[in-house]
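Colleague: Make a model of this:
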Amino acid sequence: MAPAAVYNTPQTRGNDPTPIQAMSHGPTIPGLPSFKKLEEKRQWQLEHMAGAFRVFARHGYTEGMSGHISVRDPIQEDAFWMNPLGVHFGMLKASDMILVNLDGDIVKGSNDRPVNSAGFLIHAAIHRARPDVHAICHTHSTFGRAWSTFARPLEMINQDVCNFYNAQGVYAEYGGLVLGVEEGRKMAEALGSNGKGLTLMNHGLLTVGQTVDEAAYLFRLMEKSCEAQLLVEAAAANGIQKQIIRDEEAAYNFKMASEAENLYCEFQPEYEYELFLTGGAFKAWF
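Modeller: Numbering: from 1, shown residues only. This next block holds a predicted model:
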């Protein structure tokens, strides 16, 4: 049975419209859902988590056993759900996810599947440091890995990347595979108290959000922004001058678009397309 979600219409904040209201000409599209029971919210989160993995698989964000998404549990808030190690993103279902607490204990999940050790250390450190973060995405995507070699933040070279204006970090160290607590802690520090995206030098990208939808949309956006940045850098190397968006306009774009509910809505076309393609098979809960 599907979770009993109520999809709320975003409410005006004082005299100012919400970002979704400002973007909607005519009826306002539905915003974040609410639930009467936390068990229903948990199921909804896991369904959207599985949907995010299917989206990532369709866009090729796979590299062997690397890559993980975590979602903080709404009932046991010192624990988060992760994907099992060694299962292709395109095969994951809601029922496959594993609940692990911040101490590393498996709370719920399959007895014959572990989670990624490096992934646990990274996600646990960020969930500890950022109570506002409910979801984290990290994969070894192609353009993110390429851009990460420069250990530089993305520049505000187009409207979309302004979602990361003053909200991105760079972890400019590389200590090999993350198999120690200290490395995860350093990554959390590099992300900062308000970061939405993190470039991991010689490694890849990481994004966070208040919903898995927000974190997944931001990951897609950050990966495509790395591709755009690399194309621009190639053109600039041939003498074509870059035009960077001014701080004033970048700050305005960030204010109007990089808001949790709006970023949740940004991911829904991808999620709904997965529903269309698969008939919702990834929502299986048993």
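Colleague: Which helix or strand contains Glu227?
Modeller: In this structure, Glu227 is located in helix 212-237 according to DSSP states H and E.
Colleague: Tell me the buried residues in the helix or strand that comes right after that helix?
Modeller: Once the chain leaves helix 212-237, the next helix or strand it forms, by DSSP H and E, is helix 247-257. Neighbour-count burial for helix 247-257 flags 250, 253-254, 257 (criterion: 16 or more other CB atoms under 10 Å). For glycine as for every other residue, the C-beta is placed from the backbone atoms N, C-alpha and C.
Colleague: Let's see the distance spanning stretch 65-84 from one end to the other.
Modeller: Terminal residues of stretch 65-84 are spaced 9 Å apart (CA to CA, to the nearest Å).
Colleague: got a list of what the nearest residue to Gly67 once chain neighbours are set aside touches?
Modeller: Closest residue in space to Gly67, ignoring its immediate chain neighbours: Thr139 at 3.6 Å, by CB to CB, 6 or more residues apart in numbering. Residues counted as contacts of Thr139 (CB atoms under 8 Å, 6 or more residues apart in numbering) are 56, 61-63, 66-68, 204-205, 219.
Colleague: State the distance from Thr139 to Ile157.
Modeller: Computed with CB to CB, to the nearest Å, the distance linking Thr139 and Ile157 is 23 Å.
Colleague: just Glu223 next, same as before
Modeller: Remark: distance between Glu223 and Ile157 (CB to CB) = 15 Å.
Colleague: And for Arg72?
Modeller: Counting by CB to CB - Arg72 and Ile157 are separated by 33 Å.
Colleague: picking up where we left off before, who's more crowded, Glu223 and Ile157?
Modeller: Applying other CB atoms under 10 Å to Glu223 and Ile157 shows that Glu223 carries more neighbours, namely 23 against 19.
Colleague: wait, that one sits on Thr207?
Modeller: No - applying CB atoms under 8 Å, one finds Glu223 not in contact with Thr207, separated by 9.2 Å.
Colleague: okay, and for the stretch 1-150 of the chain, where does confidence drop off?
Modeller: Along the stretch 1-150 of the chain, the model assigns pLDDT under 70 to residues 1-15, 110-111.
Colleague: in this structure, which spans are helices?
Modeller: All helices of the chain, identified by DSSP state H, fall at 19-23, 38-58, 117-129, 142-148, 181-191, 212-237, 247-257, 260-278.
Colleague: Tell me which of those lies nearest to Gly86.
Modeller: Evaluated over the helices of the chain, closeness to Gly86 peaks at helix 117-129, with 11.9 Å, by CB to CB.
Colleague: so how far is stretch 96-114 from its chain's centroid?
Modeller: Computed by CA atoms, centre = their mean, to the nearest Å, the chain-centroid distance of stretch 96-114 equals 20 Å.
Colleague: List of residues touching that stretch?
Modeller: 46, 49-50, 71, 73, 76, 78-87, 115, 120, 124, 127-128.
Colleague: coming back round to it: flag every buried residue along the helix holding Glu227.
Modeller: For helix 212-237, using 16+ other CB under 10 Å, the buried residues are 212-229, 232.
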